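Peer 1: got a sequence here, can you model it:
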Amino acid sequence: MPKWKIIPPTMEDLDQHYCHPMIVKLFRIMKAVYGLLDPENEPSGIHEGKHAATFGYEDSEDTSESSVLSSLFIHFGLSSQTSPRFAIILPSMQIEDLTQGSRIPLPPELVPTVTVIRDFTIARSQFTPDPNDPEYDVYDFEYEIYEPESYPAGQVWERVQMQKFHELLLNAGIIESTHPRLSHRCDICLLDLLQCKVCLKVMCPTRNCVAFPLSCMRWRPCAAGHHCWYGDICIDCVVGGTTCLCQESWTCDLCTEKGGFFLRCLRCDRPFCGRCSYLVGCRGCRASNLCHDCAEEAPKDEAKEKYVELVGPCTKCNSPVCKPCATAAAAGTSVHIAVVSFSTGCDCIKSYN
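Peer 2: Numbers count the residues shown, from 1 in each chain. Next up, the predicted model:
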């Protein structure tokens with residue numbers, strides 16, 4: 001019986017080029033189900049580790065689409081429990097409380113999301129590894145996979161999304177045929193397609209290409225930049241995370257948990273990005289003053305106690321630095337570190353350390 005535990009993702013999953021393409025969709029369904037039937041245990045994030053989401057289908061000699069659909073299951077439960085609490089029943093589109101033995105209709109807004117998971121499962125059941133893929137070894141005429149499920153799942157759904165893009169152009173009459181060896185490229189401008197790392201949807205990267213408006217997606221880059229495992233993801237895959245007060249910067253839930261990308265007021269703990277004018281702090285050690293609102297409200301003794309002395313910005317990246325970081329710079333051996341205020345987290349410094 002093919003069965004995959006997608007939430008919480010393992011460290012092996014996070015080390016892959018792909019995350020599981022269904023991870024956000026499963027989380028949204030799970031969050032809605034718990035919010036509806038067990039709000040006290042509603043999950044707060046994909047990476048919190050308190051909940052588990054599993055799905056799969058019964059394995060049989062009959063690999064037809066109808067056979068896979070009739071045996072497809074989606075289970076949700078607490079990680080601390082051995083048995084799942086809730087199940088999504090297909091094709092009747094119902095939620096079953098496995099503890100109470102009761103069923104209710106699936107909310108209409110969740111039906112499209114469950115349908116995508118259904119389509120993925122059908123594609124996954126028909127998946128055959130690519131013999132040219134270096135991640136697969138041939139042994140006794142069978143393929144043995146040495147990667148977690150996120151890898152083959154990503155391959156499956158990537159193929160589907162590439163095919164959808166080319167079919168979009170074919171149906172619009174823009175092209176008459178497509179070349180299978182150029183599946184990762186736009187048929188018109190021949191540039192590599194932009195791809196969301198989570199759901200693996202693709203779009204043409206060239207604004208003046210006729211394929212661009214047909215495939216255009218909205219994106220939400222994580223403020224952690226190249227430090228973020230997810231990288232750029234489409235707006236449909238944004239779940240949780242943190243947005244700064246000026247609404248200009250956002251970090252995904254995984255980078256939010258790691259911390260260090262926003263300055264936070266020591267009194268109200270609200271997040272501020274480097275462009276927020278309401279809070280100034282050292283971009284290296286993350287020490288910060290009170291935000292403007294708290295500075296006005298806090299007693300003078302408290303404001304003075306939490307005051308961070310900033311001695312000037314780095315002349316190379318213009319990041320503000322505090323006095324302790326500047327003092328550390330004076331002891332550095334790098335020319336840049338020795339002559340300008342030093343920020344331990346400043347990107348222009350990292351290459352010197």
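Peer 1: output the longest helix belonging to this protein.
Peer 2: Longest helix in the chain, counting residues (DSSP state H): helix 150-171.
Peer 1: helix or strand right after that helix?
Peer 2: Counting by DSSP states H and E, the next helix or strand C-terminal to helix 150-171 is strand 194-195.
Peer 1: check which helices and strands that following strand sits against.
Peer 2: Other elements packing on strand 194-195 under the criterion 3 or more CB pairs under 8 Å, 6 or more residues apart in numbering; DSSP states H and E are strand 202-203. (Each C-beta comes from the backbone N, C-alpha and C, glycine too.)
Peer 1: list the contacts of the strand it packs on.
Peer 2: Strand 202-203 is touched from outside by Gln161, Met162, Phe165, Leu193, Leu194, Gln195, Cys196, Phe212, Ser215, Cys216, Met217, with contacts defined as CB atoms under 8 Å, 6 or more residues apart in numbering.
Peer 1: got a pLDDT number for Glu302?
Peer 2: On the pLDDT scale, Glu302 is placed at 61.
Peer 1: same thing with the one 4 residues further on?
Peer 2: The predicted local confidence for Lys306 comes out at a pLDDT of 58.
Peer 1: so where is the stretch 151-300 of the chain shaky, pLDDT-wise?
Peer 2: For the stretch 151-300 of the chain, residues meeting the criterion pLDDT under 70 lie at 229-231, 260, 277-278, 280, 283-288, 300.
Peer 1: now with 80, please.
Peer 2: The model of the stretch 151-300 of the chain has pLDDT under 80 over residues 151, 180-182, 224-232, 240, 253-254, 256-261, 263, 266-267, 273-292, 295-300.
Peer 1: narrow the contacts of strand 202-203 to just the buried residues.
Peer 2: Gln161, Met162, Phe165, Leu193, Leu194, Gln195, Cys196, Phe212, Ser215, Met217 (16 or more other CB atoms under 10 Å).
Peer 1: so the first one is in contact with Lys201, correct?
Peer 2: Read it as Gln161. Yes - in terms of CB atoms under 8 Å, Gln161 counts as a neighbour of Lys201; the distance is 5.3 Å.
Peer 1: what is in contact with these two at once?
Peer 2: With CB under 8 Å, 6+ apart, Gln161 and Lys201 have common neighbours Gln195.
Peer 1: including distance to His75, could the buried ones among the contacts of strand 202-203 go into JSON lines?
Peer 2: JSON lines is the format used below for the buried ones among the contacts of strand 202-203 (distance: CB to CB, whole Å):
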{"residue": "Gln161", "distance to His75": "26"}
{"residue": "Met162", "distance to His75": "30"}
{"residue": "Phe165", "distance to His75": "32"}
{"residue": "Leu193", "distance to His75": "34"}
{"residue": "Leu194", "distance to His75": "34"}
{"residue": "Gln195", "distance to His75": "29"}
{"residue": "Cys196", "distance to His75": "26"}
{"residue": "Phe212", "distance to His75": "40"}
{"residue": "Ser215", "distance to His75": "34"}
{"residue": "Met217", "distance to His75": "30"}
